[in-house]
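1. okay, sequence plus prediction incoming.
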Amino acid sequence: MKRILTGTAGIAATAIMLAWPIWAIGAEIPVEGALTIEKTIHLVCENNHTLKAGSDEVRAADARITQSRSAYFPQISASAGYTYLNPVPEMSFFGTPMLKFAPNDNYEAKVTAKATLFDFGKRGSTVDLAKTGKKTAEQSLEISRRDLSFQAVQLFYGVLFLRESIGVEQKEIAALNKALEFTTKRYQTGAATKFDVLSTDVRIAAAKSKLLDLRHELLRQELTLRRLSGMEDNLPLNIQGSFAVTRADRNNAELVTLALNQRLEMKLSVENETAARQRRSIAMKNGLPVVSASASYGVTNGLMPDINEIRENFAGSLHLEVPLFSGFKTSAERQEATALMHAAANRKFDTELQVKNDVEETIHALKTASEKITATEVQVQQAKLAAEHARARYENGMATVLDLLNTEASLSEAELAKLRADYAYVMNNYTLKRATGEIFW
């Protein structure tokens, strides 16, 4: 029983940490009808603020693509100004000013367009990097959605598990109460001892203590599930589901191949590696020449022959910039980008190994749970038969109260073991879906 409570407590603790942002700022919504696993996952995906933040990050990444594309367009600006100069260049004869070459009051207004003509593909690499950033944001959002959905699955089936566990404990307590009633009657007639009555009382007290622990843990998980899905506290948690899952043989090689193709972590590692290569491409082009041009049109004074007349003017330029020395900054940027590219490749390889291990481990756990289901079904049948015989023998005076209590405890443990195996098989099914990248949300 400690293993049951430890496992369910771990599930609740994980979900509580994940659901904390929702507790702080989430809005509760009413839920009509039975709460199925599909509806639970849908509620979590619709109401979780972490996912809403991820959607905003995707939109921000899309805006960065537009920002990077702006380098292909001319940058147009308008300006106007006034400048007072004194003294100004002038020609004089015998100390008397005769001709000014510039006015004291200078006015200027113009529109200027600047554009990069050629930069060896640096702008294109920047746009590609922004596109990869959007894909990375989308993959990260999907990973968050998957993980939240898996937490919802854990909570949903955790509540079902605890409710059925409570039913098993209640059935054991009912059987023990019936045994206590019969033992008390036998004690009153002298056919049983006080020790038999006390032993039965102790077993009932222990069973009730387990029942209280299960009910407390059930309350914690129900509260967490409500908060994670945004449900109102005053509505009944009408969960509808079961541990019935169709068992099927799995091909390890096919599942590993499937996982490597569609696992979200693999897709994210590919995007990270692509981004690292694009950053290296940009770094390698940082030291190359850049050709740019500019043109401006406006009005100004100060032009000969009448320096005070406001006249139209046009200016155009072609500019070549060749970096010669940047204090070793360019070479260091290239070294950094190359190292990060190699690091991304190593992380991708490590992700491949992790994905393979996850699939193989989950398949083994799934097979183990399936075998446990078969074994525990036999144990439950045997324990039920043993309990029936023990009850009949005890009522006929052919068995001790200790024999009866032990068989009742064995029946309860066998039913809980069967329930644990069912729960493990269902959760391993979802774990395998997550490991192979199958969408269940």
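-> That came through fine.
2. and Gly397, which of the three is it?
-> At Gly397 the chain is in coil, as set by DSSP: H, G, I helix; E, B strand; the rest coil.
3. that one: how many residues sit nearby?
-> Number of residues near Gly397 (other C-beta atoms under 10 Å) recorded here: 10. Quick note: C-beta positions are derived from backbone N, CA and C, even for glycine.
4. tell me the contacts of Thr351?
-> By C-beta atoms under 8 Å, 6 or more residues apart in numbering, Thr351 lies in contact with 265-266, 269.
5. which stretch of helix or strand covers it?
-> Assigned by DSSP states H and E, Thr351 belongs to helix 329-395.
6. so how far is that helix off the chain centroid?
-> 19 Å (C-alpha atoms, centre = their mean, to the nearest Å).
7. among the contacts of Thr351, which are in strands?
-> Judged by DSSP state E, strands contain none of the contacts of Thr351.
8. low-confidence ranges, this structure, go.
-> 1-33, 94-98, 245-250 (pLDDT under 70).
9. now do the contacts for the spatially most central residue of the chain.
-> Nearest to the geometric centre of the chain sits Ser144, at 1.9 Å (C-alpha atoms, centre = their mean). Shown in contact with Ser144 (C-beta under 8 Å, 6+ apart): 50-51, 54.
10. which one is it nearest to, not counting chain neighbours?
-> The shortest distance from Ser144 to any non-neighbouring residue, by C-beta to C-beta, 6 or more residues apart in numbering, is to Gly54 (5.3 Å).
11. ok, residues contacting stretch 191-204?
-> Contacts of stretch 191-204 (C-beta under 8 Å, 6+ apart): 173, 176-177, 179-180, 183-184, 186-187, 397, 400-402, 405, 408-409.
12. give me the buried entries from those residues.
-> 173, 176, 179-180, 183, 186-187, 400-401, 405, 408-409 (16 or more other C-beta atoms under 10 Å).
13. closest to Gln335 out of the residues you listed?
-> The nearest member of the buried ones among the contacts of stretch 191-204 to Gln335, counting by C-beta to C-beta, is Ala409 at 68.3 Å.
14. in contact with that closest one, which residues?
-> If you count contacts by C-beta under 8 Å, 6+ apart, then Ala409 has 172, 203 around it.
15. so which helix or strand takes in it?
-> Ala409 belongs to helix 401-436, assigned by DSSP H and E.
16. how about the helices in this structure?
-> Assigned by DSSP state H, the chain shows helices spanning 2-25, 37-47, 49-69, 122-188, 194-229, 252-262, 264-285, 329-395, 401-436.
17. now distance to Leu320 too, for the ones you listed, in a markdown table please.
-> Shown next, in a markdown table, are the helices of the chain (distance: least, C-beta to C-beta, whole Å):
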| stretch | distance to Leu320 |
| --- | --- |
| helix 2-25 | 53 |
| helix 37-47 | 54 |
| helix 49-69 | 23 |
| helix 122-188 | 15 |
| helix 194-229 | 60 |
| helix 252-262 | 48 |
| helix 264-285 | 16 |
| helix 329-395 | 18 |
| helix 401-436 | 55 |
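18. which residue, other than its chain neighbours, is closest to Phe101?
-> Pro89 (4.2 Å).
19. look up phi and psi at that neighbour.
-> phi -60, psi 130 (degrees, to the nearest 10).
20. wait, it touches Ala102, no?
-> Yes: contact status for Pro89 versus Ala102: in contact at 5.6 Å, counting by C-beta atoms under 8 Å.
21. quick one: which of these two has more around it?
-> Set side by side, Pro89 and Ala102 show more neighbours around Ala102, with 15 against 9, by other C-beta under 10 Å.
22. residues near the nearest residue to Lys171 once chain neighbours are set aside, how many?
-> Distances taken as C-beta to C-beta, 6+ apart place Ser412 nearest to Lys171, at 7.5 Å, with adjacent residues excluded. Look at Ser412: counted by other C-beta under 10 Å, it has 23 neighbours.
23. for Ser412, give me its contacts.
-> So Ser412 contacts 168-169, 171-172, 207 (C-beta under 8 Å, 6+ apart).
24. Thr36 touches Ser229, doesn't it?
-> No: Thr36 is not in contact with Ser229 according to C-beta under 8 Å; the separation is 11.9 Å.
25. against Ser412, how distant is the residue nearest to Leu237 when sequence neighbours are not counted?
-> Once flanking residues are discounted, Leu237 sits nearest to Glu222: 5.3 Å by C-beta to C-beta, 6+ apart. Glu222 is 23 Å from Ser412, where distance means C-beta to C-beta, to the nearest Å.
26. go on, Ser92?
-> 118 Å.
27. next one: phi and psi at Met398?
-> Per degrees, to the nearest 10, the backbone of Met398 is at phi -100, psi 0.
28. what is the neighbour count of it?
-> Met398: 11 neighbours (other C-beta under 10 Å).
29. please report how far Glu217 lies from Val426.
-> Taken as C-beta to C-beta, the span from Glu217 to Val426 is 18 Å.
30. what's the spacing between Ser317 and Lys110?
-> For Ser317 relative to Lys110 (C-beta to C-beta), the value is 13 Å.
31. so which of those two has more stuff around it?
-> Set Ser317 next to Lys110 and count neighbours by other C-beta under 10 Å: Lys110 wins out with 18 against 10.
32. now the more buried one. Nearest residue, chain neighbours left out?
-> For Lys110, the closest residue by C-beta to C-beta, 6+ apart turns out to be Gly298, at 2.5 Å.
33. the one you found bridge partners, please.
-> Lys110, Asn313 (DSSP bridges).
34. neighbours of it, how many?
-> Neighbours of Gly298 (other C-beta under 10 Å): 17.
35. contact partners for it?
-> 108-111, 312-313 are the contacts of Gly298 under C-beta under 8 Å, 6+ apart.
36. list the contacts for Ala244?
-> Applying C-beta under 8 Å, 6+ apart, no residues qualify as near Ala244.
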